[in-house]
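Visitor: Below are the sequence and a predicted model; questions follow.
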Amino acid sequence: MVEVRVDAIEKRFGSTQVLRGIDIHVPDGAFAVLVGPSGCGKSTLLRLLAGLEEATAGSIRFGARDVTQLEPRARDVAMVFQSYALYPHLTVRQNLGFGLKIRGTDKATIRARVDEVAGMLGLEALLDRYPRALSGGQRQRVAMGRAIVRRPALFLFDEPLSNLDAKLRAQVRVEIRRQHDQLSATSIYVTHDQVEAMTLADVMFVLNAGKVEQYGSPAEVYGRPATRFVAGFLGSPAMNFIEATVERAGARAYATTTTAATGAEGDAATLRVAIPEGQFKHRFQDGERVTVGIRPHDVALARGDGAPELEFTSGLVELLGPELQAHGQLGETPVTVCLATDSQARRGQRLRLRVEHLHLFDPDTGASLR
């Protein structure tokens, strides 16, 4: 196990700056996830940690060691790649033990460690097979085993599940986390898949355009997004964003908008959400522009008290087992809401909804107004 600190790391490829002064801290034994869209710099950061790329500026420390300039072999890390990177001419046993062999480990130790890891990952019956005779999930377990058998200080995972189907991804994801807990290792995992990030991470770092937008536990980042980007990136279906205006009525403030007629009967689509100012540090002024963020699961059918906070006419309604997803428009803004199946929402229906939780963002900077 090892604590990882990255301070002010920058990386340029020619005139293109990929990483822009990144700072991260991964505690000893934690499972950290770097998550973000394609091209945000997360895989480049992982390669810097592995020593496969050289930093333009900044430093990397593993515990007390400054490893910024060290060769990969001197860093005591093991990396699991998206492409498995197995040797096709070697058996599973030989692939698992290859890293130990080139380090001069004796044959008895190699065999004992390979047998131990094969037992952990359920590979005992596959040890004499070649990679071409394995399924995608089996190949990924071999790639994981090759990393585990070395007992490194740090495990690095570069989108290791991207080549697997959805069911197998879920199974291998559980296996990765189980092995991490069993080994008490420090792991850093790169993915663009928010489900992987939310389910695997002790601490997650959301990257965007070469910078860390936010970090924290999955619950913290999901529940209190620091920016509109983070709020929109995490969550499925994605958060709804609606441009609104603050309207003050005495001591109360509301985020309101009324659009042109949108419904089949010519009704206006409306939003009038009370702002619980005790939850926000920002002081809202009458006429101020705000961006309202509403997660699709943070709404429910109105109680019939005459004061719905969101009204729109639904378009497509999808039945997804335990819930319905209703898609509609608030003026030009697409809106998706998730409702219980017993709500019996249907296409073309005027939905009157209450908003149970909302987020507010500065429309210019995208920063949360909390």
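Guide: Received it, and whenever you're ready, just let me know what you need. Numbers count the residues shown, from 1 in each chain.
Visitor: When you work out contacts or count neighbours from here on, use the C-alpha atoms and nothing else.
Guide: Fine.
Visitor: what residues go with each domain of this structure?
Guide: As given by automatic domain parsing, the domain ranges for the chain are 4-224, 240-361.
Visitor: Now distance to residue 368, mean pLDDT and mean neighbour count too, for those, in CSV please.
Guide: Below are the domains of the chain laid out as CSV (distance: least, C-alpha to C-alpha, whole Å; pLDDT from 0 to 100; neighbours: other C-alpha atoms under 10 Å):
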stretch, distance to residue 368, mean pLDDT, mean neighbour count
domain 4-224, 9, 93, 18
domain 240-361, 4, 87, 17
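Visitor: Select, out of these, the one closest to residue 233.
Guide: domain 4-224 (7.8 Å; C-alpha to C-alpha).
Visitor: how far is that closest one from where the chain is centred?
Guide: Distance of domain 4-224 from its chain centroid, counting by C-alpha atoms, centre = their mean, to the nearest Å, is 15 Å.
Visitor: all helices for the stretch 201-350 of the chain, in order.
Guide: For the stretch 201-350 of the chain, the helices defined by DSSP state H, counting those that start in this stretch cover 218-223, 228-233.
Visitor: Same list, those helices, but as CSV with distance to residue 146 please.
Guide: Formatted as CSV, these follow (distance: least, C-alpha to C-alpha, whole Å):
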stretch, distance to residue 146
helix 218-223, 29
helix 228-233, 33
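Visitor: Adding distance to residue 367, write the domains of the chain out as JSON lines.
Guide: Converted to JSON lines, these look like this (distance: least, C-alpha to C-alpha, whole Å):
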{"stretch": "domain 4-224", "distance to residue 367": "10"}
{"stretch": "domain 240-361", "distance to residue 367": "5"}
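Visitor: and residue 369, which of the ones you listed is closest to it?
Guide: It's domain 240-361; of the domains of the chain, that one is closest to residue 369 (C-alpha to C-alpha) at 5.3 Å.
Visitor: Relative to the whole chain's centre, how far out is that closest one?
Guide: On the basis of C-alpha atoms, centre = their mean, domain 240-361 sits 26 Å off its chain's mean C-alpha point.
Visitor: Mind naming the longest helix for this structure?
Guide: Longest helix in the chain by number of residues (criterion: DSSP state H): helix 166-183.
Visitor: what's that one in contact with?
Guide: Residues outside helix 166-183 that contact it (C-alpha atoms under 8 Å, 6 or more residues apart in numbering) are 31, 137, 141, 161, 162, 186, 187, 196, 200.
Visitor: distance of the last one from residue 193?
Guide: Okay, so that is residue 200. Using C-alpha to C-alpha, to the nearest Å, residue 200 is found at 11 Å from residue 193.
Visitor: Please list all residues in contact with residue 60.
Guide: 4, 5, 6, 7, 9, 49, 66, 67, 68.
Visitor: re earlier: can you name the two of the contacts of helix 166-183 that sit furthest apart?
Guide: Counting by C-alpha to C-alpha, the most remote pair of the contacts of helix 166-183 is 137 and 186, 23.0 Å apart.
Visitor: need the contact list for the spatially most central residue of the chain.
Guide: In the chain, the centroid-proximal residue (C-alpha atoms, centre = their mean) is residue 194; its distance is 3.2 Å. Residue 194 is in contact with 35, 233, 234, 235, counting by C-alpha under 8 Å, 6+ apart.
Visitor: Next, give phi and psi for the last one.
Guide: In this case it means residue 235. Per-residue torsions, residue 235: phi 120, psi 140 (degrees, to the nearest 10).
Visitor: pLDDT wise, what is it at?
Guide: For residue 235, the pLDDT comes out at 93.
Visitor: what's around it, how many residues?
Guide: By the measure other C-alpha atoms under 10 Å, the count of residues near residue 235 is 16.
Visitor: Quick check: the gap between it and residue 298.
Guide: Distance of residue 235 to residue 298, computed by C-alpha to C-alpha: 12 Å.
Visitor: so residue 245 sits right up against residue 287, yeah?
Guide: Yes. Residue 245 is in contact with residue 287 according to C-alpha atoms under 8 Å; the separation is 5.7 Å.
Visitor: Contact partners for the nearest residue to residue 368 once chain neighbours are set aside?
Guide: Excluding the flanking residues, the one nearest residue 368 by C-alpha to C-alpha, 6 or more residues apart in numbering is residue 361, at 4.4 Å. Contact analysis of residue 361 by C-alpha under 8 Å, 6+ apart lists 227, 228, 290, 291, 292, 293, 367, 368, 369.
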